[in-house]
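Student: give me a 3D structure for the following:
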Amino acid sequence: MEHFLATVKDTVNPATQPVGVNLVRDASLVEGLKIKMRGKRLAICQQIAYSRMYSWSTWTDAETGHCAIGTACTGMIRPPLRIIDGSVNTGVYQETQQAAAAMQQLMPRVEPGVIGVLTYPLIRPFKEITPDLVVLYVNSAQAMRFVQAFLYHHGGEFVMKTSGDAGVCSRAVAQVALTGEPTVEIPCMGDRRFAMTQDHEMIVGIPYAWLERTAEGLAATHKAGIRYPIPFQIPSECELPPEHITSENDTRL
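Tutor: Predicted structure coming up:
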């Protein structure tokens, strides 16, 4: 993880911390841990916000997971009927309940049985705990750099799926946990309204097994000249108005 963190900082340098996420099924994993935010009703996006912005660790379970959609996506509860049948989205995200149900039925969800979700800044992990996955918030140019890193070894194309809803919990957490593949996602309304996500931000989710591979891709493409921030090509003799251009008649020292 140290190599991944150092490489991300050197090549991409996101504004907020990479976050480690664990979908905990064994209570012994968190016994005795000093978790900063525990016992508060939080959505998954808020947990990640605390970790990436304040470097706080957080924990929610079935009793304290505040957003039913996110709590279901991460396997802490079974998806309620109002979610599965589309009632929760009808007339909001979709015109009809049939359309809303079609969207919800394709949303990635971890199999129920997760007792809680643990988040923490990756730079301050808990001893002897390996994250299941890592979540980062980046701008679109930084997201491009991660896609380039993901494709560095084997090429091909990077396929991004989105529903415009439940961004971080369904795609960056649940989908990554289910597929073992990285993802790029658009933050949802709740993430923006309740977790301080900014208009320019996008989400990158990376499974733990991909961290070293991603670091290698970032470093190699950086060395090859694909840099962030993207350097502008500044022309010489730019087209200024004539009176703004120095001439032979201007006084020299």
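Student: going along the chain, name the strands of the stretch 51-200 of the chain.
Tutor: Secondary structure of the stretch 51-200 of the chain (DSSP state E, counting those that start in this stretch): strands at 58-61, 116-121, 133-138, 183-185.
Student: in the stretch 51-200 of the chain, which spans are helices?
Tutor: Counting by DSSP state H, counting those that start in this stretch, the stretch 51-200 of the chain has these helices, from start to end: 68-73, 81-84, 97-105, 140-151, 176-179, 189-194.
Student: which one, of the ones you listed, ends up nearest to A224?
Tutor: helix 140-151 (9.7 Å; CB to CB). C-beta here means a position set from N, CA and C on the backbone, and glycine is covered the same way.
Student: who's in contact with that closest one?
Tutor: By CB atoms under 8 Å, 6 or more residues apart in numbering, the residues outside helix 140-151 that reach it are 11-12, 14, 136, 138, 157-158, 182, 184, 200, 202, 204, 206, 210, 214-218, 221, 226, 228-230.
Student: mind listing what's buried along that helix?
Tutor: Q142, A143, M144, R145, F146, V147, Q148, A149, F150 (16 or more other CB atoms under 10 Å).
Student: V21: which of the residues you listed is nearest?
Tutor: F146 (16.6 Å).
Student: mind checking how far Y50 is from I226?
Tutor: 32 Å (CB to CB, to the nearest Å).
Student: neighbour-wise, which of these two wins?
Tutor: A count of neighbours by other CB atoms under 10 Å puts Y50 above the other of Y50 and I226, at 22 against 15.
Student: wait, the more buried one touches W59, no?
Tutor: No - counting by CB atoms under 8 Å, Y50 sits too far from W59 to count as a contact (10.6 Å).
Student: shared neighbours of the two, which are they?
Tutor: Common neighbours of Y50 and W59 (CB under 8 Å, 6+ apart) are M37, T119.
Student: excluding sequence neighbours, find me the nearest residue to N139.
Tutor: Leaving aside its chain neighbours, N139 sits nearest to H200 (5.0 Å; criterion: CB to CB, 6 or more residues apart in numbering).
Student: that neighbour: neighbour count?
Tutor: 11.
Student: also the one 10 residues further on?
Tutor: Under the neighbour criterion other CB under 10 Å, W210 is assigned a count of 20.
Student: repeat for L5
Tutor: 17.
Student: swap in M37?
Tutor: Neighbours of M37 (other CB under 10 Å): 18.
Student: in stretch 24-40, what counts as buried?
Tutor: Here stretch 24-40 shows V24, V30, I35, M37, R38 as buried, counting by 16+ other CB under 10 Å.
Student: tell me who's in contact with the last one.
Tutor: To tie it back to what came earlier, the one meant is R38. Counting by CB under 8 Å, 6+ apart, the residues that R38 touches are T58, W59.
Student: and it, how far is that from H153?
Tutor: 39 Å.
Student: Throw the buried residues of stretch 24-40 into TSV and include secondary structure, thanks.
Tutor: Formatted as TSV, the buried residues of stretch 24-40 follow (DSSP: H, G, I helix; E, B strand; the rest coil):
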residue	secondary structure
V24	strand
V30	helix
I35	coil
M37	strand
R38	strand
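Student: name the nearest of these relative to K127.
Tutor: Proximity of the buried residues of stretch 24-40 to K127 (CB to CB) peaks at V30, which lies at 12.3 Å.
Student: that closest one and L118 touch, don't they?
Tutor: Yes - using CB under 8 Å, V30 is in contact with L118, at 6.2 Å.
Student: what do the two both touch?
Tutor: Joint contacts of V30 and L118 (CB under 8 Å, 6+ apart) are V24, W59.
Student: tell me which element the spatially most central residue of the chain falls in.
Tutor: Residue closest to the average C-alpha location in the chain (CA atoms, centre = their mean): I203, at 3.1 Å. Assigned by DSSP states H and E, I203 falls within strand 202-207.
Student: state the mean pLDDT of the helix or strand following that strand.
Tutor: Under the assignment DSSP H and E, the closest C-terminal helix or strand after strand 202-207 is helix 211-223. Averaged over helix 211-223, pLDDT sits at 98.
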